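Novice: Make a model of this:
(chains A and B)
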Amino acid sequence: MSQLTVTPVVVITLAATFLLLALDRSGELGRRQPPYAPPAKPAATAPAAVDSEKGKPPPHNDTIEDLPDGKGREITFYTCTACHGVALIKAQGLTRDLWDSTIDLMLEKHRMPPVKAAERAEILDYLSEQFPPRRRGRGADNPFLK
Amino acid sequence: MKSSGTNATSRRSVLMGVGIATIAAALPPAGEALAQGAPAAKGPKLLEMDGKAKLAVLGDKPLVAETQAELMDDDVTPTDKLFVRNNGQVPELTSDPKAWKIKVDGEVNTPLEITLGDLASRFPNVTYQLMLECGGNGRSFFTPEARGNQWTNGGAGCPQWTGVRLADVLKAAGLKSSAVYTGHYGTDPTLAGETNKPTISRGMPIAKAMEEHTLIAFKINGKDLPLIHGAPVRLVVPGWAGSLSTKWLSRISVRDKEHDGPGMGGFSYRTPRKPIVPGSKGDDKDMAILESMPVRSVITFPADGTKLAAGTRKLDLRGQAWAGDWDIKTVDVSIDYGVTWKSAKVNPPANKFAWQRFTAAIDLPSAGYYEVWAKATDSKGMTQPFAAANWNPQGYGANPLNRIRVLVES
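Specialist: Predicted coordinates:
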């Protein structure tokens, strides 16, 4: 007899769950990102003066602690963050050779101020130790790669 | 959720197809076997900016943000969901857009200096839905890593652009017979803050400049360009590396040789014509300028890492595919690592250089873990490789087939 009383409850609960989920279109399937929400409209209190920051990306400043500790962190931080955020550095994983050619690229193409040889070596030591190639697979142990 | 009528309808039918989906946490990283995606456990930092959706931030300075695959599901990319790529700083918004001046000089009979107001009234205005894609899109799929922003597939979008044809403006200036290439300039200061030198200045062969879909654009999706997307005026060079689509456009110089501005030499926007050992320095003499972007497909629904309710045996998946100068001929999908393939339905593009929607109804034979793969082939017969091919130090041209992971709960 108890089954008879439980079953409708289960059915109703399941039906309600189905209905709620069906209505919740933003939760139709799981996602790692929060659901998309259109950005809020800016408040209608625009000042007459031109705001020189209007429409620009939010200001961004890293601190030296945003890079992992290690010998050469300071010179690397101040050399690179004159132009770049540290996120770009941290997202990469390069051999010393490729970090070296990255500095060439900055010097030759992007008018980076010259660095002394000793400083360059210290930066390269830091970058190649902290941010070496990390992706594994066929490409990572190439027999032709010195 | 914001969606168009047709989207809402198709979403509802998908919902009926899959039964009930549950809210899912991210699946654990799939490890080295999965070349694609490989998200950090905590996920990307999300963009917080007026007028922009919560895109995945690749870099804060300069601001670079990509559109997550599941945000590429609209037929026409809404402006707030369009990816952001800057090479330098963002200049100040002009208070008088109509007075903004654009110069056309170099190998022309009549150099022009024309205001945006005059440009828009003097030449026919046209509107097309055009792909804008970062030259480095897909870079994160290279093994080992290549230099630069680690894009997945989200450095791409297909909004509707309004402007004048660059061809009409160049014809008005009168191309000399010596004209072979363009060089583009914008007003963005360099990252170091200099305003007297170009941050980047790329160019294209005259034939691409004269192509009818290459625009000097001043509207996106019917509205004035937002500052971050180049207000008040920019180039849109569809199907080729986005760096040609100069934002904050101030000058087009017609050249009698290949352009040589910043971004034209070395390994920048170039792919190897002689394959180089992945991870090595390579030789820049073996590189050729990247022109048309390669064929690519992105599954936009469901999202990677979706859990499907127990009993789900059908999945209606959707995606977008595009191929630079070419059309998409076919898209094939697989749920068994490419052992068997099924053809997706591919819609025609809204116009040349617009992406194409593909859809496929997939049968899932049982509960369990699936990788769903999509592989597009273009009208030239080029298809997506299984792994990012033709490695190069700055990471251009990575277009491996697209993979998402889903779990059908037991």
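
Novice: Quickly check: whichever strand or helix holds residue B:64 near chain A or not.
Specialist: For residue B:64, the host element (DSSP states H and E) is strand B:63-66. Yes - applying C-beta under 8 Å from any C-beta of the partner chain, one finds strand B:63-66 in contact with chain A at B:63-64. C-beta: built from backbone N, CA, C; applies to glycine.

Novice: got it, and stretch B:153-168?
Specialist: No - if you take C-beta under 8 Å from any C-beta as the test, stretch B:153-168 misses chain A, and the best it gets is 11.2 Å.

Novice: Can you list the buried residues in that stretch?
Specialist: Using 16 or more other C-beta atoms under 10 Å in any protein chain shown as the burial criterion, the residues of stretch B:153-168 that qualify are B:153-168.

Novice: With respect to residue B:147, which of these is nearest?
Specialist: residue B:155 (15.3 Å; C-beta to C-beta).

Novice: low-confidence ranges in the chain?
Specialist: Just so you know, I chose chain A. Filtered on pLDDT under 70, chain A yields the residue ranges A:1-36, A:38, A:40-50, A:138-141, A:146.

Novice: right idea, wrong chain: chain B
Specialist: Using pLDDT under 70, chain B drops low at B:1-42.

Novice: related to what we said a few turns ago, please narrow the buried residues of stretch B:153-168 to those residing in helices.
Specialist: B:166-168 (DSSP state H).

Novice: And for residue B:291, the neighbour number?
Specialist: 16 (other C-beta atoms under 10 Å in any protein chain shown).

Novice: So what's the residue count around the nearest residue to it once chain neighbours are set aside?
Specialist: Distances taken as C-beta to C-beta, 6 or more residues apart in numbering or on different chains put residue B:240 closest to residue B:291, at 5.9 Å, once the chain neighbours are dropped. Neighbour count for residue B:240, taken as other C-beta under 10 Å: 26.

Novice: and residue B:240, how far is that from residue B:46?
Specialist: 29 Å (C-beta to C-beta, to the nearest Å).

Novice: what residues are up against residue 103?
Specialist: Picked chain A for this. A:112, A:115, A:120, A:123-124 (C-beta atoms under 8 Å, 6 or more residues apart in numbering or on different chains).

Novice: To clarify, I was referring to chain B.
Specialist: Residue B:103 is in contact with B:111-113, B:250-252, counting by C-beta under 8 Å, 6+ apart.

Novice: In a strand, it, correct?
Specialist: Yes - according to DSSP: H, G, I helix; E, B strand; the rest coil, residue B:103 belongs to a strand.

Novice: Please name the bridge partners of it.
Specialist: On the basis of DSSP bridges, residue B:103 is bridged to residue B:113, residue B:251.

Novice: gap between it and residue B:96?
Specialist: 17 Å.

Novice: now swap in residue B:48 and tell me
Specialist: Applying C-beta to C-beta, the value for residue B:48 to residue B:96 is 30 Å.

Novice: in chain A, which spans are helices?
Specialist: Ranges of helices in chain A, per DSSP H, are A:2-23, A:73-80, A:86-90, A:96-109, A:117-130.

Novice: Once you drop chain neighbours, what's closest to residue B:258?
Specialist: residue B:181 is the one closest to residue B:258 (C-beta to C-beta, 6+ apart), at 5.3 Å.

Novice: which residues of the stretch 151-300 of chain B fall in strands?
Specialist: Taking DSSP state E, counting those that start in this stretch to define them, one finds strands in the stretch 151-300 of chain B at B:156-157, B:160-165, B:181-186, B:215-220, B:223-224, B:234-236, B:249-255, B:270-272, B:287-289, B:296-301.

Novice: okay, these in TSV with distance to residue B:81 next?
Specialist: Below are these laid out as TSV (distance: least, C-beta to C-beta, whole Å):
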stretch	distance to residue B:81
strand B:156-157	7
strand B:160-165	13
strand B:181-186	23
strand B:215-220	12
strand B:223-224	14
strand B:234-236	17
strand B:249-255	23
strand B:270-272	28
strand B:287-289	29
strand B:296-301	11
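
Novice: For residue A:60, which of the ones you listed is the nearest?
Specialist: strand B:181-186 (21.0 Å).

Novice: just to revisit the earlier point, mind giving me the packing neighbours of the strand holding residue B:64?
Specialist: strand B:56-60, strand B:84-85 (3 or more C-beta pairs under 8 Å, 6 or more residues apart in numbering or on different chains; DSSP states H and E).

Novice: How far away from the center of its chain is it?
Specialist: 12 Å (C-alpha atoms, centre = their mean, to the nearest Å).

Novice: who touches that strand?
Specialist: So strand B:63-66 is contacted by A:57, A:60, A:88, B:47, B:49, B:52, B:55-58, B:83-86, B:90, B:149, B:151-152, B:154-155, B:228 (C-beta under 8 Å, 6+ apart).

Novice: Just the buried ones from those residues?
Specialist: By 16+ other C-beta under 10 Å, these give A:57, A:88, B:47, B:49, B:52, B:55-58, B:83-86, B:90, B:149, B:151-152, B:154-155, B:228 as buried.

Novice: circling back to that earlier point, most neighbours among the contacts of residue A:103, which one is it?
Specialist: If you rank the contacts of residue A:103 by neighbour count (other C-beta under 10 Å), residue A:123 sits at the top with 22 neighbours.

Novice: hang on, that residue packs against residue A:78?
Specialist: No - with contact defined as C-beta atoms under 8 Å, residue A:123 does not reach residue A:78; the gap is 10.0 Å.

Novice: Could you tell me which residues of the stretch 151-300 of chain B lie near chain A?
Specialist: B:190-192, B:194, B:197, B:226-228, B:231, B:262-263, B:265-268, B:277-281.

Novice: shouldn't residue B:73 be in contact with residue B:300?
Specialist: Yes - the pair residue B:73 / residue B:300 is scored as a contact, 3.9 Å apart, by C-beta under 8 Å.

Novice: overlap in contacts of the two?
Specialist: B:318, B:320.

Novice: quick revisit: now tabulate the contacts of residue A:103 in TSV and tack on distance to chain B.
Specialist: Formatted as TSV, those follow (distance: C-beta to the nearest C-beta, whole Å):
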residue	distance to chain B
A:112	8
A:115	14
A:120	16
A:123	15
A:124	14
